[in-house]
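Asker: predicted model, plus sequence, below.
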Amino acid sequence: MTHSESRVAVIGGGVTGLTTATLLQAHGYPTTVYATALPETATLTQPPWFASLHAAASILPHSVASSHILRWTQTSQRFFAALIDEARPSVRRQRHYELFEDPPVSDPDYRDVVSDFRQLSAADARALGAPTRDGASPSGWCFSIYFCEAPPYLRFLESAFLELGGECRTDSALPDPPLMAGYLALDHQIYVLCAGQASGALLEDALASGDFADSPGDGFVPTLDPFGGRLIRGLYLSVLLKEPLCDREGRAFSYNYTPAHSTYPAADGGSADVYCYPRRVGWLLGGSREVGRVDCSGDWQGLPGEVSRLSVRGVSGLVPIPEPVLRLNGELLRSTPLGPDAASVFASADLSRFVAGCGFRFVRDSDTEQVRVESSRLSGVSEKVIVHNYGHGGAGFTLSWGCALDVLSAVARTRSPEASQSGVRGGTLADSLRSAAERSHPLRAPGAPADRVGNVPGGGTR
């Protein structure tokens, strides 16, 4: 077996690709990541294909639909619990509030997979110092979540993968042009597709070359995705604040807050929410999930919506931020026990204190199964296996380890790990990853029948 044939190829260097590659490498599957950009060199000004840097990165099952979301979320939490010491300070636990001016009729599907879940009346929320608006009586809940500082955590993942013996290939090492036929010509046997919005075009190219034919059956699904895709644009503000946001119990927190529909209507007719996620190097304020596409000129094409916009400077030009993102978050934050620096920022609406950003998320065009984690097989001169792992939308960090573990199981059904690789590098990190995987479910041997994924009901989406 050649060097390439012995290695699993992961296409995509965002949080999904790096997490998957790290878990494979830790379990004795030599892995190479192919990516246009990696966290160490990527910047916030790069196109939508590198979106992970923009994530608020709370481990919370929002913004995507799947029948497997609760299981994946619970698995990811086990991994973050195992990594919190290794990855500190880029991973921590904190309180999260979810408050609604029009209260939901029931608790969220995910209440049983988060810790310290607590229902809150309007009086409870005010007593705790949770964010509220004058004249409103929001209720909801709070709980404890894991939270990632996105850029440093991604750099931690990249470093961990390399420490475990993984390989990264960028720039001149990528196929030119970067089509799936070029990746297949690199002679890997197993490919894991973590390329987000580019995944559909890559799969079409895999069959268009004529060198390979689709070979479904025996647990493998057809290669082409039965669903199209859609892009979700998230617009946000960042402000340079290093103090934590704390409630009256002294607990650092983040929040999602949904006002009455008339206050902030979404373009799709529903109610939009706003959020604040304080990072160590600045706070993120958001509340924009706009469906559309990026045209060939790089311009966004989407529904106009019903809200006014603020033109706020970004790192590469002005960004059209929905006005409620600043106004509502400012009102909410002024109701909390702010420190002096934050109180000064939110005492006025001085746009010069803020920098705007724009992140893109890709989901499959399905109301129920927006994430694709399954395997396909191609026959040709040699047999190739493609394990799909894309469509995570705004839940990439939340689902990262859960989906990676399903990919690991799929790879294990095709090939045994290399004994010479398993556990050689990584020390306590590799041990932590393998232990978290074993606690989630034991790996199946190659050739063993696959369980049907999705035995946990619910969605936990809004």
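Answerer: Structure's in. What do you need?

Asker: quick one: low-confidence ranges for the chain?
Answerer: For the chain, the stretches flagged by pLDDT under 70 are 1-4, 40-51, 304-305, 419-426, 441-462.

Asker: any idea which residue sits dead centre in it?
Answerer: Central residue of the chain (Cα atoms, centre = their mean): Gly396, 1.4 Å from the mean position.

Asker: contacting residues for that one?
Answerer: Under the criterion of Cβ atoms under 8 Å, 6 or more residues apart in numbering, the contact partners of Gly396 comprise 14-16, 51-52, 55, 361. Yep, even glycine has a C-beta here, placed from its N, CA and C like the rest.

Asker: just the closest of these to Tyr277, please.
Answerer: Ala55 (9.2 Å; Cβ to Cβ).

Asker: tell me what Gly229 is bridged to.
Answerer: Applying DSSP bridges to Gly229 yields these beta-bridge partners: Arg364.

Asker: list the contacts of it.
Answerer: 197, 199-200, 362-365, 391.

Asker: burial count for Ala57?
Answerer: Using other Cβ atoms under 10 Å, the number of residues around Ala57 comes to 26.

Asker: now do the contacts for it.
Answerer: With contact set as Cβ under 8 Å, 6+ apart, Ala57 has these partners: 147-150, 153, 277, 397.

Asker: from Val192, how far out is it?
Answerer: Ala57 sits 22 Å away from Val192 when distances are taken as Cβ to Cβ, to the nearest Å.

Asker: neighbour-wise, give me the winner out of the contacts of Gly229.
Answerer: Going by other Cβ under 10 Å, Gly391 tops the contacts of Gly229 with 32 neighbours.

Asker: wait, that residue sits on Arg361?
Answerer: No - when contacts are counted by Cβ atoms under 8 Å, Gly391 is not listed as touching Arg361 (9.5 Å).

Asker: which of the contacts of Gly396 lies closest to Ala87?
Answerer: Of all those, Ala87 sits closest to Val15, with 12.6 Å by Cβ to Cβ.

Asker: strands of the stretch 101-250 of the chain, start to end?
Answerer: Counting by DSSP state E, counting those that start in this stretch, the segments of the stretch 101-250 of the chain that form strands are 115-120, 139-148, 167-169, 190-193, 213-214, 229-239.

Asker: would you turn the contacts of Gly396 into JSON lines with distance to Leu235?
Answerer: Converted to JSON lines, the contacts of Gly396 look like this (distance: Cβ to Cβ, whole Å):
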{"residue": "Gly14", "distance to Leu235": "19"}
{"residue": "Val15", "distance to Leu235": "20"}
{"residue": "Thr16", "distance to Leu235": "22"}
{"residue": "Ala51", "distance to Leu235": "13"}
{"residue": "Ser52", "distance to Leu235": "17"}
{"residue": "Ala55", "distance to Leu235": "14"}
{"residue": "Arg361", "distance to Leu235": "12"}
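
Asker: of these, which belong to helices?
Answerer: Using DSSP state H to define helices, the subset of these located there is 15-16.

Asker: can you tell me which of the contacts of Gly396 is nearest Asp218?
Answerer: With Cβ to Cβ as the yardstick, the closest approach to Asp218 among the contacts of Gly396 comes from Thr16, at 26.0 Å.

Asker: contact partners for Ile84?
Answerer: Contacts for Ile84 were tallied using Cβ under 8 Å, 6+ apart; they are 91-93, 146.

Asker: farthest-separated two in the residues you listed?
Answerer: Of all the pairs that the contacts of Ile84 form, the one spanning the most space (Cβ to Cβ) is Val91 and Arg93, at 8.4 Å.

Asker: same drill for the two, tell me which one is more crowded.
Answerer: Neighbour comparison, Val91 and Arg93: the larger count goes to Val91, with 23 against 17 (by other Cβ under 10 Å).

Asker: skipping adjacent residues, who's closest to that one in space?
Answerer: For Val91, ignoring the flanking residues on the chain, the nearest one in space by Cβ to Cβ, 6 or more residues apart in numbering is Ile84 at 5.0 Å.

Asker: can I take it that that neighbour is in a helix?
Answerer: Yes - according to DSSP: H, G, I helix; E, B strand; the rest coil, Ile84 belongs to a helix.

Asker: tell me the spacing between it and Ser67.
Answerer: For Ile84, the distance to Ser67 - Cβ to Cβ - is 28 Å.

Asker: was I right about Thr73 contacting Arg111?
Answerer: No - the pair Thr73 / Arg111 is not scored as a contact, 11.7 Å apart, by Cβ under 8 Å.

Asker: and the two? Which one has more around it.
Answerer: More neighbours surround Thr73 than the other of Thr73 and Arg111, with 24 against 15 (other Cβ under 10 Å).

Asker: quick one, the helix or strand that one falls within and strand 115-120 angle?
Answerer: If you go by DSSP states H and E, Thr73 is part of helix 69-87. Angle of helix 69-87 versus strand 115-120, following axes from the mean of the first three to the mean of the last three Cα atoms, to 10 degrees, is 120 degrees.

Asker: joint contacts of Val91 and Arg93?
Answerer: With contacts taken as Cβ under 8 Å, 6+ apart, the residues that reach both Val91 and Arg93 are 84, 146-147.

Asker: contact partners for Gly129?
Answerer: Here Gly129 is in contact with 246-249, 336-337 (Cβ under 8 Å, 6+ apart).
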